[in-house]
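J.: structure for the following, please:
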Amino acid sequence: MREIRGFFDKLYFTESVLGHACFEQERLRVPVSRIFLLAGHPLANEGYGPYEGEFVFDGVADSRRTI
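T.: Model prediction:
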């Protein structure tokens, strides 16, 4: 999956699997698999999924995950 910015709200997470988060300075990387796209996402022309890749969040000062 290539880098796409600004379309986080066009991702469908219900069946997604998040991997172990990796925190590097101010960057948080989270592997993700089985993610689907909603209509309006730029990659939807290539198919709605499932996709896999990683989420990258820059400028992160703290991260908490609650399950």
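J.: return the residues in contact with the residue nearest the centre of the chain.
T.: The structure's the chain has its C-alpha centroid closest to Phe55; by Cα atoms, centre = their mean the separation is 3.8 Å. Neighbouring residues of Phe55 by Cβ atoms under 8 Å, 6 or more residues apart in numbering: Leu28, Arg29, Val30, Val32. Backbone N, C-alpha and C define where each C-beta goes, glycine included.
J.: pLDDT at Arg2, what is it?
T.: What the model reports as pLDDT for Arg2 is 70.
J.: so what's the residue count around it?
T.: 7 (other Cβ atoms under 10 Å).
J.: hmm, back to that, state the three-state secondary structure for the residue nearest to the centre of the chain.
T.: strand (DSSP: H, G, I helix; E, B strand; the rest coil).
J.: from now on call the first residue 7
T.: Okay, residue one is now 7; in that scheme the one you just asked about reads as Phe61.
J.: Cys50: what secondary structure?
T.: Not Cys; residue 50 is Ala. Applying three-state DSSP: Ala50 is helix.
J.: quickly note the distance from the residue of the chain most remote from its centre to Pro48.
T.: In terms of distance from the mean C-alpha position of the chain, Gln31 ranks first, at 19.1 Å (Cα atoms, centre = their mean). Separation of Gln31 from Pro48 (Cβ to Cβ, to the nearest Å): 29 Å.
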